[in-house]
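Undergrad: Build the 3D model from these lines:
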Amino acid sequence: MQEEISFGTWLRKQRRALDLTRQAFADQVGCAEVTLRRIEAGTLKPSKELAGILLEKLGIAETERPQWISFARGLSGFPTQSVPLSNKPI
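TA: Modelled structure (predicted):
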C-alpha cells in the first residue's frame, strides 16, 4: 500500500519539477516566500483562494480543483486520478 503524501510534499515536488525556486513560484502565485515555505513544510494550510491559484499555476484542470483544494486544506487524502470521459464504457 502506498504511503499518503502530504500536500506540502506534493507541492514541493511539483515546484521542483518546474525548476522554480520557492521565491520565483511565490512571485507567480502572489504570496510571500515564507508562506510557500510553511505550506511546503506542512505548518500552514493554504486558504481556498491560494490553493486554487497554486493548483491553476501547476496545471490542475478546473474541474478537478475542488478535490485538490480539499486535499490542500487537509480535509481529504490525495485525489484519485479521474478517468477521462472518452475511456468510460458505453
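
Undergrad: so which helix or strand takes in the closest residue in space to Leu36 that isn't next to it in sequence?
TA: Take Leu36 and drop its neighbours on the chain: the residue closest to it by CB to CB, 6 or more residues apart in numbering is Ala26, 4.5 Å away. (Each C-beta comes from the backbone N, C-alpha and C, glycine too.) Per DSSP states H and E, Ala26 falls inside helix 22-29.

Undergrad: and that helix, which residues are buried?
TA: In terms of neighbour count (16 or more other CB atoms under 10 Å), helix 22-29 has its buried residues at Arg22, Phe25, Ala26, Val29.

Undergrad: Tell me which helix or strand comes right after that helix.
TA: Note on helix 22-29: by DSSP H and E, the next helix or strand toward the C-terminus is helix 33-41.

Undergrad: Mind giving me the packing neighbours of the host helix or strand of Leu11?
TA: Taking DSSP H and E as the criterion, Leu11 maps to helix 7-17. The criterion is 3 or more CB pairs under 8 Å, 6 or more residues apart in numbering; DSSP states H and E, and the helices and strands that helix 7-17 contacts are helix 33-41, helix 65-72.

Undergrad: any chance of those in JSON lines, plus mean neighbour count, distance to Phe7 and mean pLDDT?
TA: JSON lines is the format used below for the helices and strands packed on helix 7-17 (neighbours: other CB atoms under 10 Å; distance: least, CB to CB, whole Å; pLDDT from 0 to 100):
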{"stretch": "helix 33-41", "mean neighbour count": "17", "distance to Phe7": "7", "mean pLDDT": "98"}
{"stretch": "helix 65-72", "mean neighbour count": "19", "distance to Phe7": "5", "mean pLDDT": "96"}
